[in-house]
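**Q** Take this sequence and fold it.
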Amino acid sequence: MNQLIKIDIQDKVAHLTLDRPEKRNALNPAMIAGLKNAFTMLESDDNIRVILLKATGTIFSAGADLGYLQQLQQNSFDENLADSALMREMLYTVWSSAKIVIAQVEGHAIAGGCGLVSVCDFVFATPEANFGYSEVKIGFVPAIVASFLVDKVGKSRASELLLSGATVPANTASRYGLVNFIAERNSIASEANAYAVKLSNETSAESIRRTKSLLRATRDLSMEASLDQAVKANAESRETADFKKGIQSFLEKQKLSW
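**A** Below you'll find the predicted structure:
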């Protein structure tokens with residue numbers, strides 16, 4: 001496993017930690033590939049029943065890494081297509097896991113970081129946690145996360161989040177259906193872990209696998225098709241003048257007027 005992802009297995013629960021606090025656990029290709037590989041590895045271990053996803057530090061994930069955003073401006077269309085496909089594969093791997101996946105969110109989960117939250121089965125969050133998809137504010141298109149978010153909270157709520165680019169607090173995210181449980185910072189780790197242990201001890205692994213498969217069945221074929229479209233839309237959006245202008249302003253910390 002790469003150094004950006006830590007795995008600690010305790011009994012039937014795998015604790016998977018984003019470990020890049022100095023960069024606010026921002027996503028870059030290495031982090032994305034690490035997540036995909038970690039979930040793929042854990043998926044093959046029949047002793048693991050629940051995956052508890054969390055992060056080191058006070059921020060769950062700030063979204064795309066700044067250096068990563070700079071690189072996107074230099075990429076060819078084919079490179080952006082391959083990069084978008086990697087994000088799609090990682091999120092789909094988490095979403096389609098036969099294990100129960102729980103996110104423990106302390107602090108902000110923004111853009112791709114919020115997308116990662118949206119593919120988990122259950123979400124614990126601290127009251128001060130914030131959730132949002134800021135892509136439209138920097139000339140980007142949240143194409144890949146959109147497919148999963150609509151599946152999670154419905155089209156109306158997804159439209160509100162994706163089209164406004166606004167961040168919402170945990171209690172609002174809970175009303176929207178993005179967050180299941182709110183816990184104080186000093187107790188969230190113990191509460192999320194207790195829930196993970198409870199599920200691992202009280203549910204049948206085969207029943208969970210079949211139930212999750214059943215829940216996906218109504219969306220799986222259309223999800224594949226929508227993700228294929230999303231990857232192309234994601235790559236195409238990186239070719240636009242708005243994207244280049246937005247990313248440059250974001251990197252230079254300039255306020256942008258559209």
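**Q** which stretches of the protein form helices?
**A** With DSSP state H, the ranges of helices along the chain come out as 29-43, 66-74, 77-95, 112-118, 143-153, 155-164, 170-176, 188-202, 205-217, 220-237, 241-251.
**Q** Can you tell me which helices and strands the fourth one packs against?
**A** In this case it means helix 112-118. Based on contacts counted as 3 or more C-beta pairs under 8 Å, 6 or more residues apart in numbering; DSSP states H and E, the elements that helix 112-118 packs against are helix 77-95, strand 100-105, strand 130-132, helix 143-153. For the C-beta atoms, the positions are set from N, CA and C on the backbone; glycine is no exception.
**Q** average model confidence for that helix?
**A** Averaged over helix 112-118, pLDDT sits at 97.
**Q** out of the helices of the chain, deepest packed?
**A** Per-residue neighbour counts averaged over each of those give the maximum for helix 112-118, namely a mean of 27 (mean count of other C-beta atoms under 10 Å).
**Q** what residue ranges in the stretch 151-258 of the chain score low on pLDDT?
**A** 218-222, 256-258 (pLDDT under 70).
**Q** before we move on, the earlier item: nearest to D46, out of the helices and strands packed on helix 112-118?
**A** The closest of the helices and strands packed on helix 112-118 to D46 is strand 100-105. By C-beta to C-beta, the value is 14.0 Å.
**Q** Kindly calculate the angle that that closest one makes with helix 29-43.
**A** Here strand 100-105 points in a direction 140 degrees away from that of helix 29-43 (axes from the mean of the first three to the mean of the last three C-alpha atoms, to 10 degrees).
**Q** how about strand 100-105: buried residues?
**A** Of the residues in strand 100-105, those buried under the neighbour-count criterion (16 or more other C-beta atoms under 10 Å) are 100-105.
**Q** In TSV: the residues you listed, plus distance to C114 and pLDDT.
**A** As requested, these are exported to TSV (distance: C-beta to C-beta, whole Å; pLDDT from 0 to 100):
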residue	distance to C114	pLDDT
I100	20	98
V101	15	99
I102	16	99
A103	10	99
Q104	14	99
V105	9	99
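**Q** ok, which pair from these is furthest apart?
**A** The most widely separated members of those are I100 and V105, with 16.3 Å between them, by C-beta to C-beta.
**Q** and the residue sitting nearest the centre point of the chain, what does it touch?
**A** Among the residues of the chain, L116 comes closest to the average C-alpha position under C-alpha atoms, centre = their mean, at 0.7 Å. When the contact criterion is C-beta atoms under 8 Å, 6 or more residues apart in numbering, the partners of L116 are 27, 35, 53, 61, 91, 94, 103, 109.
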